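*Asks:* Fold the following.
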Amino acid sequence: MELPGAREDNRLGGPSLADAYRSQFERWGQRFGWPVHLCAAMFYFLGAAGPIGAVELMGVPLFVVMIIRIHATVPIAKEIFQSRFVWLFLALVAWGCLTLAWSSDVATGVREVGNARWLWCSIAVTSVMHRRAWLIGALLIGIALGLVAQGLEAIGLRYGIESLVWPHPHNPLEHARISGWWHHPVMGGTVLVGALGMFLPCAMFASGWRRVIGVSGSFAVLAGIFATGTRGAWLAACALIVFMLVCALIRMPRARAMRTLGVSFIMLGVVSLVLWFTRGEAIKARVESAISEVRAATQSGDYDSDIGARIQFARRGLAMIAERPLLGYGAGGYQHRAHEMIVEAGLDPATTRNAPGAHNGPIQLWATLGLPGLVLLGSLVIAAILGGIRLAKAHAPQGVDWLGTFGAAPSFGLLGLLFMTPFEGVYTNVQPAAFASALIALCAHGCYRLKSKKISDS
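*Replies:* Got it, this is the predicted structure:
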């Protein structure tokens, strides 16, 4: 009996995923349960980059099907739990829970550690991962729907159609920050930087229909990033593009690399002109305010601005690291200790800005979960990225560069989120954490060493 969609492939460094899934498929006779499970998984990934309410609700069918078909995962559960990736995850959650013992704000700490719950989807999709491409496609379609929501909101703002405008926090700026169904523009910008990472490899390295989708998706996502008005996302997107161009120069033959570089600059120039004519005033205002805020903070010591406050948040986080480099202040402990620092400095807590986090992922992580938390989460993300790359290499079509396939999209989506971490704590915010967990789930199976089981017709 042939498992639909499975393909023999031993380039994963051992028995193939297809072997393991075919074995459990034939052993348990999942003729009807498997398609339902796949549909539920695709439905979940369709909303994984969407509003957090949608992520929670669209996960219900997948959770129910996972429970009903738990026997489809049991045969390979032993190999999964022997994976270093799983042990890294368990160690990270255990350490995060342990730090609550010395956290000054346990309720906030529980919420931060609780964001690890989104990784449940990694186990839930185990028995349908032979259709990984379908799940990646569902996630990309979900991102496209988010961009459509942004476009409709822009139309609604332009022509006064309130039904097209989503609710957002109060915006004190003159120009609108358009983030569509992503409630906060910063969260929308963060998710879209990860989305840009998913499209860029095919835009740079693919050919044919893959390149068309990659280029179109990249430009659409770039427009969405600039529409949010999130300056950190702008910088992260630029850094990601430069990184991908450097990869192209290194991997491609010189002639092709030069052509790719030239075409990229031309197309980026075209996109820049379009953005300038459509959102030029808003972008100019955000850039000018960023320059003035940085100057005020560095030259005059005026931190009463968005960027000035972020500089102070990061400095307080660095001070916390210096005080407790090993254990940190515990999950959720940042804001309380920052408040104490404000009082110790003789400042008025009522007029001095404070926040639940440092708005810098590595600093926030080290300041709260200490050095073990930084090492564990860093190792987990690196392992996931490498696992996704292994899957992309193993299942790339014959004669096609693995970087030019969407199989590499989840790994580079995680890479995009890493570029965003200097400007925002991805793991402490619910929406980006759910999106990152979906990407990790699509990569994690490259970390497992699944052994083929004896095929039985019984």
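
*Asks:* max-length helix in the protein?
*Replies:* Longest helix in the chain by number of residues, with DSSP state H as the criterion: helix 254-299.

*Asks:* Pull the number of nearby residues for Asp304.
*Replies:* Using other Cβ atoms under 10 Å, Asp304 is surrounded by 13 other residues. C-betas here are computed from N, CA, C, even on glycine.

*Asks:* Is the nearest residue to it once chain neighbours are set aside part of a helix or strand, or is it coil?
*Replies:* Closest residue to Asp304 in three dimensions, ignoring its sequence neighbours and counting by Cβ to Cβ, 6 or more residues apart in numbering: Arg353, at 7.2 Å. In terms of secondary structure, Arg353 is coil; the call rests on DSSP: H, G, I helix; E, B strand; the rest coil.

*Asks:* Distance check, Gly370 against Gln150.
*Replies:* Separation of Gly370 from Gln150 (Cβ to Cβ, to the nearest Å): 38 Å.

*Asks:* any low-confidence regions in the stretch 351-458 of the chain?
*Replies:* For the stretch 351-458 of the chain, residues meeting the criterion pLDDT under 70 lie at 449-458.

*Asks:* Quick one: the strands in it, in order.
*Replies:* With DSSP state E, counting those that start in this stretch as the definition, the stretch 351-458 of the chain shows no strands.

*Asks:* For it, just list every one of the helices.
*Replies:* Counting by DSSP state H, counting those that start in this stretch, one finds helices in the stretch 351-458 of the chain at the ranges 361-394, 409-420, 430-444.

*Asks:* possible to save those helices as TSV with distance to Arg324?
*Replies:* Converted to TSV, these look like this (distance: least, Cβ to Cβ, whole Å):
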stretch	distance to Arg324
helix 361-394	7
helix 409-420	25
helix 430-444	24
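
*Asks:* what's the closest of those to Ala116?
*Replies:* Taking Cβ to Cβ as the measure, the helices of the stretch 351-458 of the chain were each checked against Ala116, and helix 430-444 came out nearest at 8.0 Å.

*Asks:* What helix or strand is Gly137 located in?
*Replies:* Remark: Gly137 resides in helix 132-159, with elements defined by DSSP states H and E.

*Asks:* That helix vs helix 430-444, what angle?
*Replies:* Between the axis of helix 132-159 and that of helix 430-444 there is an angle of 160 degrees, by axes from the mean of the first three to the mean of the last three Cα atoms, to 10 degrees.

*Asks:* packing partners for helix 132-159?
*Replies:* Helices and strands touching helix 132-159, as assessed by 3 or more Cβ pairs under 8 Å, 6 or more residues apart in numbering; DSSP states H and E, comprise helix 33-47, helix 185-205, helix 209-228, helix 409-420, helix 430-444.

*Asks:* For Val125, which non-adjacent residue is spatially closest?
*Replies:* Counting by Cβ to Cβ, 6+ apart, Ala41 is the residue found nearest to Val125 once chain neighbours are left out, at 4.7 Å.

*Asks:* Could you report the neighbour count for that neighbour?
*Replies:* Applying other Cβ under 10 Å, we find 27 other residues in the vicinity of Ala41.

*Asks:* How about Arg337?
*Replies:* By other Cβ under 10 Å, 23 other residues sit near Arg337.

*Asks:* which residue packs closest to it, ignoring adjacent ones?
*Replies:* Closest residue to Arg337 apart from its sequence neighbours, by Cβ to Cβ, 6+ apart: Tyr329 at 5.0 Å.

*Asks:* need the contact list for Arg177.
*Replies:* Counting by Cβ atoms under 8 Å, 6 or more residues apart in numbering, Arg177 makes contact with 168, 171, 185, 227-230.

*Asks:* Of those residues, grab the buried ones for ChimeraX.
*Replies:* Isolation of the buried members of those (16 or more other Cβ atoms under 10 Å) is achieved in ChimeraX through the command below:
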select :168,185,227,228,229,230
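
*Asks:* Quick check: the gap between the closest residue in space to His445 that isn't next to it in sequence and Phe43.
*Replies:* Nearest non-adjacent residue to His445, counting by Cβ to Cβ, 6+ apart: Met129, 4.9 Å away. Note on Met129: its distance to Phe43, by Cβ to Cβ, is 16 Å.

*Asks:* The two: who's more crowded?
*Replies:* Shown here are Met129 and Phe43; by other Cβ under 10 Å, Met129 has more neighbours (23 against 18).

*Asks:* And what about that one, helix, strand or coil?
*Replies:* Each residue gets one of three states, and Met129 gets helix by three-state DSSP.

*Asks:* now it: how far from Asn360?
*Replies:* Taking Cβ to Cβ as the criterion, Met129 is separated from Asn360 by 34 Å.

*Asks:* circling back: spell out which residues sit in contact with the residue nearest to Arg337, please.
*Replies:* Contact analysis of Tyr329 by Cβ under 8 Å, 6+ apart lists 102-104, 320, 336-337, 367-368.
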